[in-house]
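>>> what would the 3D arrangement of this be:
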Amino acid sequence: MKVTNKMKRKATESVIKYLSNVDNATRGEIVEGVLLCYGLSESELEDFSPRSKNSVIRSYISTAINDLINKKDIFRKGEKYSLAKEELVIIKEDLVEAEIMEILQGGAYTKNEIFRMLEIRFGTDMTSSFKDDYSLHSAAGNVLFNLLQNDEIEFIDGKYRDITPTDINENSDTPLPENEFKPKFFKKLWLMGGKFFESFVANLLEKYYTLSGKMVVYCDITGGSDDGGIDVELEIVDYLGFVETIVAQTKCRDRAHVTEKEVREFYGAMNAKGASRGIYVTTTTFHESAENFMDAIGDLVGIDGDKLFNLVKRTSYGINKHKNGYTFDNAIFNR
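So this is what the prediction gives:
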């Protein structure tokens, strides 16, 4: 059977058309679905000899699938294939850093292995353009370089690995005075990663509002690469029955302060959500201009590291109080 460019084009177009009508499909399902476009007779469909019309067309459908994968027009997840998304993923370096630290807590990896895991976590592997992949790789490269310079990770035998201070878990059952325990508390939060911090803040706020006499209707963690700037959402009801929707943004950082730009972006997300109040929680501090911006707004507050620790002490969430100091609540930190 003579194969023409028109037949090749038809195979490619038919694969795209088939996937546009289903959420996802296996390779076998795609091949069988696209074959219907060629109108083969029953006898032709039963002929699997090497040069038969059935075999040749199947071969070109498979080739079309491979070409579309290489061009990132379709992507594979598990055994299923889907059309690629057209919108690019917006890459933020602080989110990349949080994800890298979480990845490295699970073991040592090469740069390419880290890049691949980041592509899956951020979803750039599912877009039709390579631009967001390049942006993600560039941001990840910068983050890895800075973490190495700051001695927060190490590079041995071609792999990056986390450097976990040996004293973080030592003597964890021995109470420490606040001035010694507090820095260990924030270091441990940072080492646990951004996902853990989102959950920690959600549970902390839920306990705070409950202890304050409010009824928490729900407390959801919404964080992720497409969270729209909101990590936690709560609905609370006071004694008189007034209902409030409160949203929070969390930043688990080791050093960098929160900028005014970041606070403004969160405030925009808060208003778009229609929330009545917003809470910006960070383990570090706010830039002076960010503080001034929040001071001028009645429905947005910032909780820096000091306020966060005071809130933890007030609710006893994540820590145990003793006569001579504090210890970690292992039920929270050793999950």
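
>>> show the backbone phi and psi for the closest residue to Tyr326 other than its chain neighbours.
Nearest non-adjacent residue to Tyr326, counting by CB to CB, 6 or more residues apart in numbering: Phe181, 4.4 Å away. To be clear about C-beta, it is placed using only N, CA and C from the backbone, and glycine gets the same treatment. Dihedral pair for Phe181: phi -70, psi -40, per degrees, to the nearest 10.

>>> return the per-residue confidence for Phe181.
Per-residue confidence (pLDDT) for Phe181: 94.

>>> tell me who's in contact with Tyr317.
203-204, 207, 329, 332 (CB atoms under 8 Å, 6 or more residues apart in numbering).

>>> if you set the cut-off to 7 Å instead, what comes out?
Counting by CB atoms under 7 Å, 6 or more residues apart in numbering, Tyr317 touches 203-204, 207.

>>> then Ile69?
75-76.

>>> what about it, distance to Glu260?
Distance from Ile69 to Glu260, counting by CB to CB, to the nearest Å: 43 Å.

>>> Arg51 now?
Distance from Arg51 to Glu260, by CB to CB: 69 Å.

>>> so for these two, which sits in the more crowded spot?
The residue with more neighbours, out of Arg51 and Glu260, is Glu260; 16 against 8, by other CB atoms under 10 Å.

>>> helices of the chain, residue ranges please.
All helices of the chain, identified by DSSP state H, fall at 5-20, 27-35, 42-45, 53-70, 93-104, 111-122, 131-149, 178-192, 194-211, 260-273, 288-295, 305-315, 330-333.

>>> now the ones you listed as JSON lines including distance to Asn324?
What follows is the helices of the chain, written out as JSON lines (distance: least, CB to CB, whole Å):
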{"stretch": "helix 5-20", "distance to Asn324": "65"}
{"stretch": "helix 27-35", "distance to Asn324": "65"}
{"stretch": "helix 42-45", "distance to Asn324": "81"}
{"stretch": "helix 53-70", "distance to Asn324": "62"}
{"stretch": "helix 93-104", "distance to Asn324": "32"}
{"stretch": "helix 111-122", "distance to Asn324": "42"}
{"stretch": "helix 131-149", "distance to Asn324": "36"}
{"stretch": "helix 178-192", "distance to Asn324": "11"}
{"stretch": "helix 194-211", "distance to Asn324": "24"}
{"stretch": "helix 260-273", "distance to Asn324": "38"}
{"stretch": "helix 288-295", "distance to Asn324": "35"}
{"stretch": "helix 305-315", "distance to Asn324": "15"}
{"stretch": "helix 330-333", "distance to Asn324": "19"}
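
>>> so for Asp162, which of those helices sits nearest?
Across the helices of the chain, Asp162 has its closest neighbour in helix 93-104 (4.0 Å, CB to CB).

>>> what angle separates that closest one from helix 194-211?
Orientation note: helix 93-104 sits at an angle of 100 degrees relative to helix 194-211 (axes from the mean of the first three to the mean of the last three CA atoms, to 10 degrees).

>>> list the buried residues of helix 93-104.
94-104 (16 or more other CB atoms under 10 Å).

>>> so which of these comes closest to Cys252?
Among the buried residues of helix 93-104, and counting by CB to CB, the member closest to Cys252 is Ala98, at 6.6 Å.

>>> go ahead and confirm the closest one touches Gly193.
Yes - if you go by CB atoms under 7 Å, Ala98 and Gly193 touch, sitting 6.3 Å apart.

>>> what residues sit buried inside the longest strand belonging to the chain?
When the chain is parsed with DSSP state E, its longest strand is strand 243-251. Across strand 243-251, burial judged by 16+ other CB under 10 Å covers 244-251.

>>> can you check stretch 269-281 too?
Quick answer for stretch 269-281 (16+ other CB under 10 Å): 269-270, 273, 275, 277-281.

>>> distance from that stretch to the middle of the chain?
20 Å (CA atoms, centre = their mean, to the nearest Å).

>>> so for that stretch, mean pLDDT?
94.

>>> state the pLDDT value of Asn54.
Confidence score, pLDDT, at Asn54: 83.
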